[in-house]
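**Student:** take this sequence and fold it.
(2 chains)
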Amino acid sequence: MKTTERIEAYLRGEMTEEERAAFEQLRATDSELDQQVVSHQAFMDQLRDYGVRHKLVSDMNAIHETLDIDEIKSEVIPQRSMLKVLWAKYRINAAVAASVAIVVAFSTLLSTGYFAKTNALNSDYNALRRQISKLTSIQRTQSAQMKDIAGIPSLPSNPGQYGGTGFALSSDGYLVTNYHVIKDADSVYIQNTEGQSYKVKTIYVHPQYDIAVLQITDSNFKSLKALPYTFKKSSADVAEEVFTIGFPREDPVYNRGYLSASTGYRGDTVAYQVDIPVYEGNSGGPLLDSKGNVIGIINAKQAKTDGVTFAVKSGYLLEALDAIPKDSLKTELVLNKKNNLSNLSRKDQYKKMQEYVYMVKVYQ
Amino acid sequence: MSKEIKRSVPTDSEVILGILNGSKDVLETVYKAYFPMILQLVVMNNGTDDDAKDIFQESVIVLYDKVKSGNFELNSKLKTFIYSVSRRLWLKRLNQLSRNAGRISDFEDVLPVEQDMERHEEKDLQFRQMESALMHLGEPCKTIIEDFYINNKSMQEICAKFGYTNADNAKNQKYKCLQRLKKLFFQT
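**Tutor:** All right, here's what the predicted structure looks like:
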């Protein structure tokens, strides 16, 4: 303490002449003391600097208090235009609104099938799946469909019911329809001409040939009598007279025509071109020749042109059936080989056929 | 973009003289003359009023330090000096806040002030250290030290203020306080 006191007295000039001289002499010989003097002085300087700056800041704060900041600001800061102010304030809201608009626009386009349509083969190719409107009368449905054929896209994807036609492959519950009929389905039911409905499950699909094989899973279903028709392996001849049964409405509808070309839409070898009037809902219906052989499955028509219908050839149906993995089938799928229709009149053929043709109802 | 700032500005030599004399009036004139310029700079570059205040006051500290150390050359304008220092300080702050990619919109000419900034940073560090050491010192030590070494009060006044019965007790206390302050200061 004594030393510090002396250093302080020395530095503050509080020593007498003699004391000072003695201290300086001591300092000259004692390097440790000299060191202490220097460091004490440095520390005092720092302390003083601190004091000076502290005072300066508090003086400035006092001055700052007297200023009118807003007034100075209005002098030096250029006023921003109203538009800029609004933009700065609401740009986040605007961004959110814009993103919502984009999402809504695209989800609407998506849900209305805007994008699905572009995937369809072509706009003048109409797959014949029928959209069932629940509340309309049969007549209205039919007349509406007649208009529909003119060109409304055939693949609306709103959740709703669709209808097509299917027919039996065997007496124990296997049947066939078009792939496009049951595509995206949650559940599929079939209804026979007597109005009984059965639940079916999809066993196999072949999208390229537009074929779907279904099996009736309903316990109420009883085996049918032996099928009266057979499936033709070879190609049918052009100009052959043909007929079909389908469900463009709630009841089975018979139509007849002739095979007009051995290839389908734009030369598609999988299908025939048939001149026969069909409507949406005919999809999946059997195309039979006059002897009662299934030669094809109705699947599409050319839009805006009368009487140009397409049917998948029965040969490809048989090919698709062969391709079904064995473990997908509960019982072996045996196709009928005995034809009971060949000598009957058309009226009797229709009567026998109609039990084996079903309306396919699709729920999404 | 920038409006002309019309205010009565003292001549630079008057200001320098005033700073050396510790004149309060000069400080006030300087403050009123140049603060608007810095407010403009900071607020137009993403800052607030308070940011402007901090930056401006720091620049004045740099100016005072420079003038007092006798380094201020009259050929650089005072206004330009304050602006340049503030600009540097604000750029640094912006980079710390990463609000800015190192660009700033200018309103005045700019001087190179690197040396002054280095010196200021050193002094600023010491100031902060001393500030924190004094803060940790606690009372009554802080007041005794400030009164004696900064405000230059006599031991008698300090005795009277703290009610010490004799000057030796007060001296003793002051000695202990100083030792502790040194310890705190060199610790950090």
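**Student:** what does the stretch 51-200 of chain A put close to chain B?
**Tutor:** A:51, A:53-54, A:56-57, A:59-61, A:63-64, A:67, A:69, A:72-73, A:75-78 (CB under 8 Å from any CB of the partner chain). The C-beta positions use only the backbone N, C-alpha and C, and glycine is treated the same way.
**Student:** buried ones only from the residues you listed, please, as a PyMOL command.
**Tutor:** The following PyMOL line selects those of those that are buried, judged by 16 or more other CB atoms under 10 Å in any protein chain shown:
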select buried, chain A and resi 51+53+54+56+57+59+60+63+69+72+76
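**Student:** burial count for residue 111?
**Tutor:** Since no chain was named, I'll use chain A. 13 (other CB atoms under 10 Å in any protein chain shown).
**Student:** chain B, not that one
**Tutor:** 17.
**Student:** wait, it touches residue B:78, no?
**Tutor:** No. In this structure residue B:111 lies outside contact range of residue B:78 using CB atoms under 8 Å: 10.8 Å.
**Student:** residue of the stretch 51-200 of chain A nearest chain B, please.
**Tutor:** Per CB to the nearest CB, residue A:51 is where the stretch 51-200 of chain A lies closest to chain B, at 3.2 Å.
**Student:** identify the residues contacting the closest residue to that residue other than its chain neighbours.
**Tutor:** Spatial nearest neighbour of residue A:51, excluding adjacent residues (CB to CB, 6 or more residues apart in numbering or on different chains): residue B:150 at 3.2 Å. Listed by CB atoms under 8 Å, 6 or more residues apart in numbering or on different chains, the contact set of residue B:150 reads A:47, A:48, A:50, A:51, A:54.
**Student:** ditto for residue A:237
**Tutor:** Applying CB under 8 Å, 6+ apart, the residues contacting residue A:237 are residue A:259.
**Student:** could you pull up phi and psi at it?
**Tutor:** Dihedral angles of residue A:237 (phi, psi; degrees, to the nearest 10) stand at phi -90, psi 150.
**Student:** how close does it sit to chain B?
**Tutor:** 80 Å (CB to the nearest CB, to the nearest Å).
**Student:** just to revisit the earlier point, do you know how far the residue of the stretch 51-200 of chain A closest to chain B is from residue B:127?
**Tutor:** 10 Å (CB to CB, to the nearest Å).
**Student:** helices - which of the contacts of residue B:150 land there?
**Tutor:** Assignment to helices by DSSP state H places the following of the contacts of residue B:150 there: A:47, A:48, A:50, A:51, A:54.
**Student:** grab the nearest non-local neighbour of the first one.
**Tutor:** Right, the one you point to is residue A:47. residue B:149 (5.1 Å).
**Student:** for the one you found, grab the count of nearby residues.
**Tutor:** Neighbour number of residue B:149 under other CB under 10 Å is 20.
**Student:** do residue B:148 as well
**Tutor:** 21.
**Student:** helix/strand/coil for it?
**Tutor:** For residue B:148, the assignment made with DSSP: H, G, I helix; E, B strand; the rest coil gives helix.
**Student:** how about it, what does it touch?
**Tutor:** B:155, B:158, B:174.
**Student:** thought the first one was touching residue B:166?
**Tutor:** Right, the one you point to is residue B:155. No. Using CB under 8 Å, residue B:155 is not in contact with residue B:166; the gap is 10.2 Å.
**Student:** tell me which of the two has more neighbours.
**Tutor:** Using other CB under 10 Å, the more surrounded residue of residue B:155 and residue B:166 is residue B:155, with 16 against 9.
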